[in-house]
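Following is a predicted model, sequence given first.
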Amino acid sequence: MSNTKSGFVHLHVHGEYSLLDGMSKIPDLVKKIKDSGMTACALTDHGVMNGVVDFYNECQKQGIKPILGCECYEAPESRLDKNSHAGEERYHHLILLVKNETGYKNLCHLVSRSNIDGFYYKPRIDFELLEQYHEGLICLSACLAGRVPREILRGISCGDMEPAKKAILRYRELFGDDYYLEIQNHGIREEQIVANELVRFSDELGIKLVCTNDCHYTNSEDKEAHEYLLCLQTKKTLDSPDRLVYEGDYSVKTEEEMRQLFPSLPQAFDNTLEVADKCNFDFKFGDYRMPKVVIPKEYGNDYFRYLEDESWKGWEKRYPVGNRERETAKKDLEYELGIVKQMGFAEYFLDTRKTIRWSREHGILVGPGRGSAAGSRMCYCLGITDIDPIPYNLLFERFLNPERISMPDIDVDYNYSYKDDVIAFEAESNGWDHFAKIRTFTAMNAKGIVRDIARVAGYPVAVGDRIAGLIPKDPKMTLDKAWDSNPDLQNFINSDPGYQKLWKIARRLEGTKKAASTHACGHIPTPVPCEDLFPVSVDPETGYLVCQYNMTDAEHLGNLKKDLLMLRNLTIIDTAQKSVKEKYGVEIPLWTEEILNDKEALKLISSGDTNGVFQLESEGMKGFMKKLQPTCFEDIIAGVALYRPGPMEYIDDYIRGKHDPGSIKYLTPELESILSSTYGVIVYQEQVMQIVQKLAGFSMGRADLIRKAMGKKKQDIMDQEAPRFIYGDKELKIDGCVNRGIPEETAKQIWEQMVDFAKYAFNKSHAAAYAAIAMQTAYLKAHYALEFAAGLLTSVMDKTDKLAVYIAEYRKNGIRILSPDINLCHEDFTVVGDSIYYGLAALKNVGKEAIGKVIDERKTNGQYVSFYDLVKRNPEIDKKMLEALAKTGALDFTGYTRHTLMISGVEYLSAQKRASKKQIEGQLSLMDLFGSSSDMTDTLSELPEYSEEELLFYEKEGAGVYISKHPIDVYAEVLSKNPVKYSSYLYADEETGAIPAKEKEEVSIAGIIRSYKVIYTKKNNEPMVFLDVEDSIGVTKVVVFHSLYELINEKIREDRPVFIRGKVSIREEEASLIADSVFFLDEPNYRIWIRFDSIREFRNNESVLEKISSWNRGMSLVSVLLNDKRITMALKIHMSSDQKAINELKEAFGEMNVLVKETQYL
């Protein structure tokens, strides 16, 4: 697109990808350009090209010519110089615009190099890089922060313009006629000074002028919202005297508005058109860029021949002579290889196999498959997947459609524990500069933005929380939807003009991008250095390159996205199976037919005992499996597919069909062979494809297109295909149902049923692969419970909250979790006898690599015989690591108290470290360091042991969880009579955000008061208290209002054990407990019994009892005994059991009818 007709083009524009600085969303920006009558626009974000593909696509959609660019940061001298003194400039601004493909590649190089080796506060280029990569680029002298404007302002102050002139000539010499002097007018005095000088230099040197507005938001009325955005960037409030302020209007102005700013410089407008006409770059979408794969020399570059040979070798192994599926698999493999050859994706499969093969060779467990790839016989033969597609009717066309060429997508699961190793292999095998992570962007959501804006406006945190709390909890919730659905929200906002303004600003900023991060599993291997294809940044945590484009944009440009997914359940399987082999000498196979249909595993699943079992541990899934009572692997596959929003409504039909085959009805007999495995219910996408093929004669490729159209509700395609399904299409050689003997009305019914089910139908290939992992974990739990438990604990040892839940559960079920021992333990949790040793790598401040060295030293040179021996042999042990080992009991073998190790041991270590440092510096002899050989023994000053309470406190501090026991365990007998929920019942799931507890649900908890805070109510100035009650898993927030606080205030103190009943309150995605009653477990608790002859007598005296209890408030429960019925009733009445109260009861109901008794029932 060229030949721009507008009289002006914006060449200096920041969109939302200039994070927390540019505010314009890309569609809004382009629409403003179009509505203003302009036909082209540039995007020049600060130091990055994050948004250029998004911008390009939106411009194409709206008929605007896109000009890709960047406002680069240029180092004053060398980009490698990273030392600056106070007051010195660290960088200048420079606008670069892409003319053509060469320019695009060069801008990618410049932006990439600025991040890779020029980053110092900002990503910086320098003149050396410009000399190397200037071709195909247009350069503008930029805003007041540019080198030339700064030199002009310095020249004005010192009377010497020669440095400014030299800078201009240097750029002109490099860029020639593609260098332009940029003038701006935002009403800033310095801009006018610079503009006057630039006009003079333009006349003197013959360099053309362009006028720009430094656009940071779309419309002038966005100025106020932009001020809030800048405060978010700089972490300031509007009241901060030093907050960043943009003077003037930085909106996307119309041509008329711009001409008012520069009335005497029409040439500066014409030159913007000249620049736009020079810029003619278009992205090429759809050309796939396969990474280079090393294959044996004899194959040359014939990747397909190598793939073909490897596939047939795999076929021989998977289907040896005598295998009943051998010939079927052979036909399938021939067919699939033909499709892959036709599509040209051989390198993709070889590259995927490379990583899987390396992982297995290095003992890293790889999942059996994921997604539609599990339907490919070729992938199975190559070892990419481990589930045979044939027995389960998994379809290749669901994976790779011969009638729709698109890049295959194979996702692979790896053992979570080896995440870094797998990614490192990918980077090393491709080359560091041929491998990149993928950028992701976070936008401001409804709840977050109201909190942010309230903070910037200077409101207390409670105001932002209050508004956010009135917004429904839904990831897709918007402020407008929340407003329409909640009158309470409207009333609160309308109650204060300040809140109304806050809401208005929040609405304007909602959805704006606020942060960039890296995709959790997406990576791009490239055939050439990454920066030849796209701009990159550097991940500060890993040092890997990061593609600046998001996943979708990167893929559309033809880059191969590779998902390296890490699954904790594979850690469970791997750890447990290694433990079984070590302990029993048994090698448990993976995903075999026997394991997938193991009766004991299916029995365990049917019982609902599935904590830790992949895909089956949610409460809902447990209930489903209990009702279903699965008897085969197919039931587990269906369970994985059905238990999701949407298909859940068919769960009852599925269960009914399984338990009552007579209830299954098929609209036509031809459906039975397709739906019998799912008891007449359409569960899988593959079944939709089979129905279309078998009943109407569609090809499998076309059947997949229909499946996709139904799933995505593409009505136009469904309207075209419905008549073909029913009546056929001669031209396309489709018979149709009617021509195959199926009645017209029946065919219509089947179509409608498919459309209904297909909206929710699941990919069976994916379900089968994940069901296999479910069965493998269930098998291990059913047959090797201890080893499974150790594997489960190992898989979550970096997740303290989950670790605490599982440890508490195992302790409750009688499985002993032993404190760590440096001489007996490993990095992971380890089974020893009938117990599990705590994993050393799970301790706080004990890195896996460091503790691994300590364990390797023990394996090589024997167990540690003393504290001194341990420290001497392991220089990597530092103070924090030593403290963690001591606190948790890992050093108890030394014979020292933990108190001694924590104080004297740490002092000893510090002294040795100091001495070692001096020796390195040549200040000590070896004798000075160690003394004589007779002195080489433990010489710690012994201290008495901590109290039991202190030991438990430090144990939790060192491990993050209670290992040996929890202080509340002392009261196990009482709590067995008064069931409680763990604190985790009130926690939000970190993946789904769901809280198990329900609003106003009655819940009992028990724990230790770790802290409390008394406050006074604003209304009546009455005291109430907030308690933090800790159990073996975590902390529950408890609110005790004034009426209850009055009864217990003198008893509240830290570290007291309590039992609390209350109602759940959920606010801001966090749950707390509103206490109804509080019992202190370290003091006796009493129950008051009152005897009545009959229920009538009780009812007649009930008001008297209530009156007495109201006069004598307390925590003792009141129960009544009815003589005539010989029954007891516990009332919802609590009162004091002191002598005064008891005397009043006896006076009212008779001395022989009142009894006070100590009780464990609270």
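On my side now, so go ahead.

Pull out the buried residues from the helix ranked longest in the chain.
Longest helix of the chain, by residue count under DSSP state H: helix 764-783. Neighbour-count burial for helix 764-783 flags 764-783 (criterion: 16 or more other CB atoms under 10 Å). No exception for glycine: its C-beta is placed from N, CA and C like everyone else's.

List the contacts of Ile1088.
1116-1119, 1135, 1137, 1142, 1145, 1154-1156 (CB atoms under 8 Å, 6 or more residues apart in numbering).

Show me what the helix or strand just after the longest helix of the chain is packed up against.
As assigned by DSSP states H and E, the chain's next helix or strand after helix 764-783 is helix 785-795. Using 3 or more CB pairs under 8 Å, 6 or more residues apart in numbering; DSSP states H and E, the elements in contact with helix 785-795 are helix 568-584, helix 764-783, helix 800-812, strand 830-832, strand 835-837.

the inter-axis angle of helix 785-795 versus helix 764-783?
120 degrees (axes from the mean of the first three to the mean of the last three CA atoms, to 10 degrees).

what's the average pLDDT for stretch 153-160?
The pLDDT scores in stretch 153-160 average 92.

Tell me where the model's unsure across the stretch 51-200 of the chain.
The stretch 51-200 of the chain contains residues with pLDDT under 70 at 86-87.

The same query, at a cut-off of 80, please.
Applying pLDDT under 80 to the stretch 51-200 of the chain picks out residues 84-88.

Would you map the strands across it?
For the stretch 51-200 of the chain, strands defined by DSSP state E, counting those that start in this stretch occupy the ranges 65-74, 92-98, 124-125, 137-140, 179-183.

Could you export the host helix or strand of Tyr1045 as PDB, CA atoms only?
Of the helices and strands defined by DSSP H and E, Tyr1045 is found in helix 1042-1048. Presented in PDB, the C-alpha positions along helix 1042-1048 are these (Å, rounded to 0.1, in the frame of the first residue of the first chain):
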ATOM      1  CA  HIS A1042     -17.600  -7.200  69.900                       C
ATOM      2  CA  SER A1043     -20.300  -9.400  71.500                       C
ATOM      3  CA  LEU A1044     -18.100 -12.500  71.500                       C
ATOM      4  CA  TYR A1045     -14.900 -10.600  72.200                       C
ATOM      5  CA  GLU A1046     -16.300  -9.400  75.500                       C
ATOM      6  CA  LEU A1047     -16.600 -13.000  76.700                       C
ATOM      7  CA  ILE A1048     -13.100 -14.100  75.700                       C
END
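
re earlier: angle of the longest helix of the chain against helix 568-584?
40 degrees.

I'd guessed Lys1000 sits against Ala1071; true?
No. In this structure, Lys1000 is not within contact of Ala1071 by CB atoms under 8 Å, at 11.1 Å.

outside of stretch 304-317, which residues touch it?
So stretch 304-317 is contacted by 295-296, 299, 329-330, 333, 337, 340-341, 346, 349-350, 353, 378, 380-383 (CB under 8 Å, 6+ apart).

Tell me which residues of that stretch come out buried.
For stretch 304-317, by 16+ other CB under 10 Å, it's 304, 306-308, 310-311, 314-315.

ok, back up a step: give me the subset of the contacts of stretch 304-317 lying in helices.
Per DSSP H, the contacts of stretch 304-317 map to helices at 329-330, 333, 337, 340-341, 346, 349-350, 353, 378, 380-382.

Any stretches of the stretch 601-750 of the chain with poor pLDDT?
For the stretch 601-750 of the chain, the ranges with pLDDT under 80 are 646.

now do the stretch 401-550 of the chain
Along the stretch 401-550 of the chain, the parts satisfying pLDDT under 80 run over 404-405.

ranges for the helices of it?
For the stretch 401-550 of the chain, the helices defined by DSSP state H, counting those that start in this stretch cover 419-430, 446-456, 461-469, 479-485, 487-494, 497-509.

Looking at those, spot the one closest to Ile637.
Closest to Ile637 of the helices of the stretch 401-550 of the chain is helix 419-430 (CB to CB; 27.1 Å).

Can you pull the domain assignment for this protein?
26-81+95-222+249-278, 297-440+519-568, 445-510, 588-773, 796-959, 967-1080, 1086-1158 (automatic domain parsing).

Now distance to Pro291 too, for those, in a markdown table please.
Below are these laid out as a markdown table (distance: least, CB to CB, whole Å):
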| stretch | distance to Pro291 |
| --- | --- |
| domain 26-81+95-222+249-278 | 18 |
| domain 297-440+519-568 | 4 |
| domain 445-510 | 34 |
| domain 588-773 | 24 |
| domain 796-959 | 29 |
| domain 967-1080 | 31 |
| domain 1086-1158 | 70 |
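
out of the ones you listed, nearest to Pro241?
Using CB to CB, the domains of the chain put domain 445-510 closest to Pro241, at 13.0 Å.

so Asp1076 makes contact with Val1064?
No. The criterion here is CB under 8 Å, and Asp1076 misses it with Val1064 at 11.5 Å.

which of these two has more neighbours?
Taking other CB atoms under 10 Å, Asp1076 and Val1064 do not tie; Val1064 has more neighbours (20 against 16).

Next up, phi/psi of that one, please.
Reported as degrees, to the nearest 10, the phi and psi values for Val1064 are phi -70, psi 140.

Begin at 58, not 1, for the rest of this chat.
Got it, first residue is 58 now, which makes that one Val1121.

What pLDDT is listed against it?
94.

show me the residues around it that make contact.
1043, 1054-1058, 1060, 1128-1131.

Please report which of those has the highest neighbour count.
Of the contacts of Val1121, with other CB under 10 Å as the count, Leu1130 tops at 27 neighbours.

for the stretch 208-357 of the chain, what spans make up the helices?
Using DSSP H, counting those that start in this stretch, helices in the stretch 208-357 of the chain cover 219-232, 246-262, 280-291, 312-318, 323-335.

ok and the longest one relative to helix 323-335, angle-wise?
The reference is to helix 246-262. 80 degrees.

count of neighbours near Arg1067?
The burial count for Arg1067: 13, using other CB under 10 Å.

Could you do the one 10 residues further on as well?
Applying other CB under 10 Å, we find 8 residues neighbouring Asn1077.

can you pull the contacts of it?
His1099.

pLDDT score for it?
So Asn1077 comes in at 84 (pLDDT).

what kind of secondary structure is it in?
Here Asn1077 is recorded as coil under DSSP: H, G, I helix; E, B strand; the rest coil.
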